[in-house]
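Q: quick one: sequence and predicted model below, then my questions.
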Amino acid sequence: MRVNEILVQEIEALIQKKDYRSLKEALPEILPADLVEILYLLPTVDRLLIFRLLKKDMAVEVFSLLESNEQEELLHLFTDDNAKEILQSMAPDDRADLFDELPAGIVNRLIALLPQDQRDLMNRMLNYPDNSAGRLMTTEYVNLREHMNVASAIHHIRTVAPDKETIYYAYVIDDRRYLIGIVSLRQLLLAQDSMLVENIMHKDFISVKTTDDQEYVAKAIKKYDLLAIPVVDLENRLVGIVTVDDVIDVIDEEATEDFHKMAAMQATEDSYFSTGFFMLARKRILWLILLLLAYNFTQIVLRHYADTLKIISLIFFMPMIIGTGGNAGTQSATLIIRGLAVGEIRPLDFFKIVFKESFMGILMGLLLGIVLIISGAIMGADMIIAYIASIALIVIVLSANLAGALLPLIAKLLKLDPAIMAGPVITIIVDILGIVIYFEVAKFLLNI
């Protein structure tokens, strides 16, 4: 980052001197990902100048790496010719991502700048469901025919490679564009020139449908250790591929969304600094209001135990045991949510999870109960109440473990995102449950 800040100073100095020739010669030496970071540190007018000095291929790559709001800002400043040149050179999946984030009016204007074949392709891709393989795929793949020999196949790949996103895999199709096999570049290079593609291609392959969720696509690529996965339509005709670099973006997007849900807030489309102040407030306040109202149940519960609360010593241990229960529930929920996300845990594992978390809750509750008694003795607390609190803590931790483990599973069965059952949500549930358990144990042992 420090290097990029120095480069920004050098670039600004060249712009002030109007030494555009030196600037144009220096820009190709900067990696596109680094140049994106540099552009974020420059004024908008200087960003536009940089784009005009970049070579076409680098300008397209840098533009594709920008945040959607930055892309939109630059498109407003580009002339139609500049925008047309950038858009026509972008990969179809990157272009679809851009159009997804733009207002409909702007998308219609930009689509009109594309040639008819690219326009038709964009309309088809934008008609696929949001977050589906159809939206994520690129149509820039290498296809072969089974009757080709290896020499012809390699020559074909060499000819079309500059326009394709990846050439590590080639996809063998028939006359109706049905996918019948996959062959890797490695296989082709190691095979005899006279061998036919059909004799070396893999006929057992993994593919996804255009309507499959992007998270399912990411899991498939991870599970089978693929660099790309073919995408077929409802009639099993090959229409595109999803590459591993796009899957990395999906994993980052899904993880970010889950983090937001686990913190009880709506996910934002852009980065923290790119999201407007009031937009960020709106994303956060709704859940905070709902959680605040949910805490009203604690008042109802506490009023129910008004007689028990007359024993002041009981109140001293409340924050400790309720907080510990919430922490235990959050730990359990996080483990289960993560397991569900990566496919390690299935709803069918319900009873295995109950068994394991029950024993885990009892063990942790016993250990924490001992720590509570020792700390109570050190702090000079009422030891009778400390023993009561420790017994309640064992039950609370056990209950919190089970709640944290089972609520995400229930959400999964109800077709909800399990991530909503983490963080503040599980904390509220365990808090209310903990208060009830604590005072019921106290009432029983103190004969109230």
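A: Structure received.
Q: is it correct that Met195 is in contact with Asn149?
A: Yes: here Met195 reaches Asn149: they are 6.4 Å apart, a contact under Cβ atoms under 8 Å. (C-beta placed from N, C-alpha, C; glycine too.)
Q: can you list the domains in this protein?
A: Per automatic domain parsing, the structural domains of the chain span 2-136, 142-243, 295-446.
Q: where does Pro230 land in three-state SS?
A: In three-state terms, and counting by DSSP: H, G, I helix; E, B strand; the rest coil, Pro230 is strand.
Q: nearest to Phe259, out of the domains of the chain?
A: Closest approach to Phe259 among the domains of the chain is made by domain 295-446 (8.2 Å; Cβ to Cβ).
Q: chain center to that closest one: distance?
A: Between the centre of domain 295-446 and the centre of its chain there are 29 Å (Cα atoms, centre = their mean, to the nearest Å).
Q: element containing the nearest residue in space to Glu254 that is not next to it in sequence?
A: Excluding the flanking residues, the one nearest Glu254 by Cβ to Cβ, 6 or more residues apart in numbering is Glu215, at 5.6 Å. Following DSSP states H and E, one finds Glu215 within helix 214-224.
Q: could you give me the buried positions within that helix?
A: For helix 214-224, the neighbour count (16 or more other Cβ atoms under 10 Å) marks Gln214, Glu215, Val217, Ala218, Lys219, Ala220, Ile221 as buried.
Q: what's the closest residue to the last one other than its chain neighbours in contact with, if anything?
A: So the one you mean is Ile221. Spatial nearest neighbour of Ile221, chain neighbours left out: Val247 (4.9 Å); criterion: Cβ to Cβ, 6+ apart. Residues near Val247 by Cβ atoms under 8 Å, 6 or more residues apart in numbering: Val217, Ala218, Ile221, Lys222.
Q: how close does Asn236 get to Ala218?
A: 22 Å (Cβ to Cβ, to the nearest Å).
Q: show me what whatever helix or strand Ile285 lives in is packed against.
A: Using DSSP H and E, Ile285 sits within helix 277-294. Where contact means 3 or more Cβ pairs under 8 Å, 6 or more residues apart in numbering; DSSP states H and E, helix 277-294 is packed against helix 424-446.
Q: quick one: mean pLDDT for the helix it packs on?
A: Helix 424-446 shows a mean pLDDT of 88 in the predicted model.
Q: list the buried residues in it.
A: Across helix 424-446, burial judged by 16+ other Cβ under 10 Å covers 424-435, 437-439, 441-442.
Q: grab the nearest non-local neighbour of His147.
A: Leu196 (6.6 Å).
Q: to clarify, my last question referred to Val301.
A: In space, Val301 is closest to Ile435, 5.1 Å off (Cβ to Cβ, 6+ apart).
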